[in-house]
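Participant: Need a 3D model of the sequence below.
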Amino acid sequence: MVSESDKVFVGSIPDVYDAYLVPLIFEQYAVDLADRAAALRATAILEVAAGSGVVARAVAPALGAHASHVVTDLNPPMLERAASMQQNPTRIEWRPADAHDLPFPGATFDLVLCQFGAMFFPDRVKAYSEARRVLQPGGRFIFSMWDRIEENDFAHEVTGALATVFPDDPPRFLVRTPHGHHDPATYRAELGAAGFDEVGIEAVDAVSVASDPVIPAIAYCQGTPLRNEIEARYPPSLEDATVQVADAIRERFGDDDVHGRIRGYVITAG
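Facilitator: Numbering: from 1, shown residues only. Purely as a prediction, here's the structure:
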């Protein structure tokens, strides 16, 4: 179950998220979604739960000259960060929006995208129903979800290290939310309940690479809502906890050019 604190991306979290976590685990999947959008020759694209805009940055160069792209997120600081990082911001309409109640007429878009955002939806069936409502006949809804945490090396190591740092009350954000909704059968059932007839699910493997173990430690501990859980458990401080997580990553993966497996699912519904 998603807690309210799991959805809080405020303060410096959006900046750290974009600078550290995006290149670590999100960019490769954003390029994959952009390739899929280009292959579909989509001309009216909606993105929901866009975060700091990594998909928008990948999709914009792949769009045709007359294609439109509306980028939405419920969290204004994340959307502001996304707009500030976009090289061609005039090609995109930026709109704060709740995926459960999209402010668009029905049959408006031929493609709806969502990268690693659906795990934050309190009611995924309702959000998927909204995606279906705004899709034109024959349109596609493409979204990604993380596989279980054991298939994602850095996230798994961070969670284990923090259980050592806080043995009485270990932070569980990564297990509970980003990696807590990884069952393909559930995707099919929820999309079916939302009215989608065709569902394709593909596991996509990639590799996280960082020049130093400190980078994934900062990315997860300070660039996600995991930070809120760490700070709520002081002592130790956020900085001390981050150092201890970096030490654990260093012990397992080495000092330089650390590599970790990542696995997500890309789901296509129509």
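Participant: and residue 55, how many neighbours does it have?
Facilitator: 31 (other Cβ atoms under 10 Å). (Each C-beta comes from the backbone N, C-alpha and C, glycine too.)
Participant: Go ahead and confirm it touches residue 48.
Facilitator: No. Counting by Cβ atoms under 8 Å, residue 55 sits too far from residue 48 to count as a contact (10.4 Å).
Participant: and for these two, which residues touch both?
Facilitator: Residues touching both residue 55 and residue 48 by Cβ atoms under 8 Å, 6 or more residues apart in numbering: residue 113.
Participant: For the nearest residue to residue 145 once chain neighbours are set aside, give me its contacts.
Facilitator: Excluding the flanking residues, the one nearest residue 145 by Cβ to Cβ, 6 or more residues apart in numbering is residue 265, at 5.1 Å. Contacts here follow Cβ under 8 Å, 6+ apart; on that basis residue 265 touches 144, 145, 146, 147, 182, 184, 187, 201, 202, 203, 204.
Participant: Could you pick out which of these are located in strands?
Facilitator: 144, 145, 146, 201, 202, 203, 204 (DSSP state E).
Participant: beta partners for the fourth one?
Facilitator: By that I understand residue 201. residue 267 (DSSP bridges).
Participant: returning to what we had before: of the ones in strands among the contacts of residue 265, buried ones?
Facilitator: Among those, those buried by neighbour count (16 or more other Cβ atoms under 10 Å) are 144, 145, 146.
Participant: quick one, strands of the stretch 51-200 of the chain?
Facilitator: Taking DSSP state E, counting those that start in this stretch as the test, the strands found in the stretch 51-200 of the chain are 68-73, 92-96, 109-115, 135-146, 199-210.
Participant: okay, the ones you listed, which one's buried deepest?
Facilitator: When the strands of the stretch 51-200 of the chain are scored by mean count of other Cβ atoms under 10 Å, the highest mean neighbour count falls to strand 109-115 (a mean of 25).
Participant: quick one: contacts for residue 33?
Facilitator: Taking Cβ under 8 Å, 6+ apart, we find residue 33 in contact with 55, 58, 59, 113, 115, 142, 144, 266.
Participant: which of the residues you listed lies closest to residue 223?
Facilitator: Of all those, the one sitting nearest residue 223 is residue 115; the distance, using Cβ to Cβ, is 15.9 Å.
Participant: about what we covered before: need the three-state assignment for the residue nearest to residue 145.
Facilitator: strand (DSSP: H, G, I helix; E, B strand; the rest coil).
Participant: Report the separation between it and residue 226.
Facilitator: Counting by Cβ to Cβ, to the nearest Å, the gap from residue 265 to residue 226 is 22 Å.
Participant: What of residue 49?
Facilitator: According to Cβ to Cβ, residue 49 stands 18 Å off from residue 226.
Participant: quick one, which of these two is more surrounded?
Facilitator: residue 226 (27 against 24).
Participant: Apart from its neighbours in sequence, what residue is nearest the more buried one?
Facilitator: Closest to residue 226 by Cβ to Cβ, 6+ apart is residue 173, at 4.4 Å.
Participant: Isn't the one you found up against residue 224?
Facilitator: Yes. Applying Cβ under 8 Å, one finds residue 173 in contact with residue 224, separated by 6.8 Å.
Participant: mind listing what's buried in stretch 36-43?
Facilitator: Residues of stretch 36-43 classed as buried by neighbour count (16+ other Cβ under 10 Å): 36, 37, 38, 42.
Participant: I meant stretch 164-174, not that one.
Facilitator: Quick answer for stretch 164-174 (16+ other Cβ under 10 Å): 165, 166, 170, 171, 173, 174.
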